[in-house]
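Chemist: make a model of this:
(2 chains)
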Number of protein chains: 2
Amino acid sequence: MHITRYTDYSLRILIYLAINKQQLTTINDIAVSYNISKNHLMKIVQQLNQQGYIIATRGKNGGIRLNHPTNEINIGELVRQVEDKNKLVECFGEDNQCVITPSCQLKNIFAQAQESFFKTLDSYTLQDLLGQEQQNTLTDLLAIKVL
Amino acid sequence: MHITRYTDYSLRILIYLAINKQQLTTINDIAVSYNISKNHLMKIVQQLNQQGYIIATRGKNGGIRLNHPTNEINIGELVRQVEDKNKLVECFGEDNQCVITPSCQLKNIFAQAQESFFKTLDSYTLQDLLGQEQQNTLTDLLAIKVL
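Modeler: A predicted model of the protein is given here:
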């Protein structure tokens, strides 16, 4: 069982921006701190921007920042938006070829289980990931320079 | 978000055996009914046998059958056994390279969410997938000849 790297990286970007809230962040900053390819992050940042999670400022001194306070960014809501719910198991998708689908109860049961997964994440906001103690350590781990 | 094809096929095999409980089943029967490669199923059947879910009888007229009544085969228990819990997200695995792991709360939150997923499945047994109405339709869909 796994969630996509896309979702993982979306969350890492938001954590970075939450920690680096005093200044604009470049995609390069995030790529260097997490040792992730910049190209990989560009598409995700673009989507987070379209979804209203972040604001991007263009230009030489441009960069990105969170669009909402951390306690208003719900983890469940984000993961629901980013993850494809139709990928859990073959019968969830359009290319399903399982012959017993018309009479199989597993699809409903798996849908319930997936919803339980998301519901647990609904209890948390980005703020919950950032206690004061964590913030200082995260700042160090991400090698963010405090202004 | 998705679970492995391995888990999906494990469940399909058990459903087949539950429907075809009057007689021994060959791997070929299952492969033909679901239109899945026989080789793909062999390893899964072997594991289900090792885990005690099924009994295999060797020989010319051999085959496999369920080792327990359908109401004693718990779906959550099976999926927990078959799915790799350490694959949910990079930080769950041994090859994790995420720099913020020592101070990141996401791992705990995702572990809770994964547990909620399994807990929902814990409420169901193989029997719950096989109401009388479903059984007749499943028999037809799997093209099982009733003795």
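
Chemist: how many residues are close by the nearest residue to A:Cys98 once chain neighbours are set aside?
Modeler: Sequence neighbours aside, A:Cys91 is the residue nearest to A:Cys98 in space, at 5.1 Å (criterion: C-beta to C-beta, 6 or more residues apart in numbering or on different chains). C-beta here means a position set from N, CA and C on the backbone, and glycine is covered the same way. When neighbours are defined as other C-beta atoms under 10 Å in any protein chain shown, A:Cys91 has 18 of them.

Chemist: A:Cys91 contacts A:Gln105, doesn't it?
Modeler: No: if you go by C-beta atoms under 8 Å, A:Cys91 and A:Gln105 don't touch, sitting 10.9 Å apart.

Chemist: quick one on the thing from earlier: ok, the residue nearest to A:Cys98 - contacts?
Modeler: Residues in contact with A:Cys91, defined by C-beta atoms under 8 Å, 6 or more residues apart in numbering or on different chains, are A:98, A:101, A:104, A:106-107.

Chemist: which among those residues gets closest to A:Tyr53?
Modeler: Proximity of these to A:Tyr53 (C-beta to C-beta) peaks at A:Lys107, which lies at 30.8 Å.

Chemist: let me know the secondary structure of the closest one.
Modeler: Here A:Lys107 is recorded as helix under DSSP: H, G, I helix; E, B strand; the rest coil.

Chemist: now do the contacts for it.
Modeler: A:89, A:91-92, A:101.

Chemist: quick one: least confident helix or strand in chain A?
Modeler: helix A:132-141 (a mean of 84; mean pLDDT, DSSP states H and E).

Chemist: give the buried residues for it.
Modeler: Going by neighbour count (16 or more other C-beta atoms under 10 Å in any protein chain shown), the buried part of helix A:132-141 is A:134, A:138, A:141.

Chemist: any chance of a markdown table for these, columns distance to chain B?
Modeler: Formatted as a markdown table, these follow (distance: C-beta to the nearest C-beta, whole Å):
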| residue | distance to chain B |
| --- | --- |
| A:Gln134 | 5 |
| A:Leu138 | 5 |
| A:Leu141 | 5 |
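
Chemist: possible to save those residues as CSV with distance to A:Gly62?
Modeler: Converted to CSV, the buried residues of helix A:132-141 look like this (distance: C-beta to C-beta, whole Å):
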residue, distance to A:Gly62
A:Gln134, 28
A:Leu138, 24
A:Leu141, 25
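
Chemist: now, which of these sits nearest A:Asn49?
Modeler: Nearest to A:Asn49 among the buried residues of helix A:132-141, counting by C-beta to C-beta, is A:Leu138 at 22.5 Å.

Chemist: need phi/psi at A:Asn67.
Modeler: When read as degrees, to the nearest 10, the backbone of A:Asn67 gives phi -100, psi -10.

Chemist: roughly how far does the nearest residue to it once chain neighbours are set aside sit from chain B?
Modeler: Excluding its sequence neighbours, the residue lying closest to A:Asn67 (C-beta to C-beta, 6+ apart) is A:Ile55, at 4.8 Å. Relative to chain B, A:Ile55 is positioned 23 Å away (C-beta to the nearest C-beta, to the nearest Å).

Chemist: the strands in chain A, which residues?
Modeler: Applying DSSP state E to chain A gives strands spanning A:54-57, A:63-66.
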